[in-house]
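>>> I'll drop the sequence and a predicted model, then ask my questions.
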Amino acid sequence: MTEDRTAQRDITGTGWEWARAEDWRPPTELDTGVPHTARMYDYYLGGKDNFEADRKAAEAAIAAYPALRLLARTNREFLGRAVEFAAGRGIRQFLDIGTGIPAVGSTSEVARRAAPDARVVYVDNDPIVATHARALLAGHPAGHTSVIEADLREPGAILEHPALRAAIDLGEPVALMLVAVLHFVRDEDGAERVVRTLRDALAPGSALILSHGSPDFASRESAAEGTRVYRSASAPLVLRPRADVEPFFGDFEFAGPGLVQLPLWRPEAGHIRTADLPEGWQDVSAYAGVAFKR
């Protein structure tokens with residue numbers, strides 16, 4: 001890491017408060033020599049919770065696709081708008097799979113600001129993510145935020161996990177969040193099966209909040225080189241065209257504006273006019289959408 005830090009209690013209860021912690025060490029099971037997708041994403045966002053291997057791989061990916069930092073930022077903004085939107089529709093339970101390194105604008109921060117009684121379950125397969133996310137619990141009311149160390153590719157284990165069952169009532173609406181994670185699950189690893197299993201477990205009124213990397217707005221060379229960089233990381237990158245992303249929503253009904261290029265998903269919800277989108281937004285090669293179970 002460039003700096004050892006850990007999350008400490010945020011006495012306001014609104015989010016993260018970071019502080020130096022000289023005695024903090026990464027979990028012993030963590031392989032810091034292999035670039036990890038969550039820590040690379042943290043680097044794109046300007047975070048400090050990454051290692052040399054992550055930074056080298058991230059810089060190679062940025063060299064191949066210069067809009068990558070902007071993609072990460074607009075994806076974080078989409079997450080916030082989508083959580084607020086779901087909360088506005090009355091959803092009070094959020095299942096965030098592929099959490100990534102917790103940071104400002106995290107699901108729990110936004111959800112609790114929009115609805116103080118919201119409950120959030122984070123799921124990630126990276127021990128460092130789990131370590132930081134569990135630290136967040138100190139600043140949350142008991143039972144409102146839980147952390148599960150599990151793999152998206154095993155949805156049954158997630159759904160049956162005691163911590164999830166204790167925190168979330170699957171008989172009530174849930175916002176299932178698959179934000180910038182499915183493009184790390186290959187077709188041969190059952191990407192469609194994984195999402196279908198999770199969708200089928202949700203009650204009517206539930207939402208699927210999803211964003212996904214795509215080659216549709218990038219050059220063929222950038223897409224190919226970015227995919228190559230991730231072959232050495234903890235998970236391969238699978239960029240999918242729109243025609244392959246839309247089926248993940250199954251028969252859920254899209255909220256407006258549907259499945260669109262990432263920065264264009266309800267920018268007005270963040271008090272942003274389309275004309276005020278950041279320079280280069282047209283190069284953000286990803287889709288985003290929110291859909292509800294009837």
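Right, received. Where do you want to start?
>>> Just give me the longest helix of this protein.
If you go by DSSP state H, the chain has its longest helix at helix 68-88.
>>> And that one, what does it pack against?
Counting contacts by 3 or more CB pairs under 8 Å, 6 or more residues apart in numbering; DSSP states H and E, helix 68-88 packs against helix 37-44, helix 52-64, helix 107-114, strand 175-179, strand 207-213, strand 286-292. Heads up, the C-betas are built off the backbone N, CA and C, glycines and all.
>>> and residue 226, which of these is closest to it?
Evaluated with CB to CB, the helices and strands packed on helix 68-88 place helix 52-64 nearest to residue 226, the distance being 4.7 Å.
>>> now the longest helix of the chain, how far from the centre of its chain.
From the chain centre to the centre of helix 68-88 is a distance of 9 Å (CA atoms, centre = their mean, to the nearest Å).
>>> what's the most buried one of the helices and strands packed on helix 68-88?
Mean neighbours per residue, mean count of other CB atoms under 10 Å, is largest over the helices and strands packed on helix 68-88 for strand 207-213, with a mean of 26.
>>> That one pairs with which strands?
Paired with strand 207-213 in the same sheet, following DSSP bridges, are strand 175-179 (parallel), strand 286-292 (antiparallel).
>>> going on from it, what's the next piece of helix or strand?
Sequence order places helix 220-229 as the next helix or strand after strand 207-213, per DSSP states H and E.
>>> Just the CA trace of that following helix, in CSV.
What follows is helix 220-229, C-alpha atoms only, in CSV (Å, rounded to 0.1, in the frame of the first residue of the first chain):
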residue,chain,number,x,y,z
ARG,A,220,-11.2,-2.3,-30.9
GLU,A,221,-7.6,-1.8,-30.0
SER,A,222,-8.4,-0.3,-26.5
ALA,A,223,-10.9,-3.0,-25.7
ALA,A,224,-8.5,-5.8,-26.7
GLU,A,225,-5.5,-4.3,-24.8
GLY,A,226,-7.6,-3.7,-21.7
THR,A,227,-8.9,-7.3,-21.8
ARG,A,228,-5.3,-8.4,-22.1
VAL,A,229,-4.1,-6.5,-19.0
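>>> what's it packed up against?
Checking 3+ CB pairs under 8 Å, 6+ apart, helix 220-229 ends up next to helix 52-64.
>>> Now tell me what touches the helix it packs on from outside.
Residues outside helix 52-64 that contact it (CB atoms under 8 Å, 6 or more residues apart in numbering) are 32-36, 39-40, 42-44, 50, 68-69, 221-222, 225-226, 228-230, 232-233.
>>> Show the buried residues in those residues.
Among the contacts of helix 52-64, those scoring as buried are 35-36, 39-40, 42-44, 50, 68-69, 222, 225-226, 229-230, 233 (criterion: 16 or more other CB atoms under 10 Å).
>>> quick check, nearest of the residues you listed to residue 248?
Nearest to residue 248, judged by CB to CB, of the buried ones among the contacts of helix 52-64 is residue 230 at 19.7 Å.
>>> neighbours around the nearest residue to that closest one once chain neighbours are set aside, how many?
Leaving out its chain neighbours, the residue that sits closest to residue 230 by CB to CB, 6 or more residues apart in numbering is residue 237, at 3.6 Å. Neighbourhood size, residue 237 [other CB atoms under 10 Å]: 18.
>>> sorry, back to before: output the helices and strands packed on helix 68-88 in JSON lines, with distance to residue 95 and mean pLDDT appended to each entry.
Formatted as JSON lines, these follow (distance: least, CB to CB, whole Å; pLDDT from 0 to 100):
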{"stretch": "helix 37-44", "distance to residue 95": "17", "mean pLDDT": "90"}
{"stretch": "helix 52-64", "distance to residue 95": "26", "mean pLDDT": "94"}
{"stretch": "helix 107-114", "distance to residue 95": "9", "mean pLDDT": "91"}
{"stretch": "strand 175-179", "distance to residue 95": "5", "mean pLDDT": "98"}
{"stretch": "strand 207-213", "distance to residue 95": "10", "mean pLDDT": "98"}
{"stretch": "strand 286-292", "distance to residue 95": "14", "mean pLDDT": "98"}
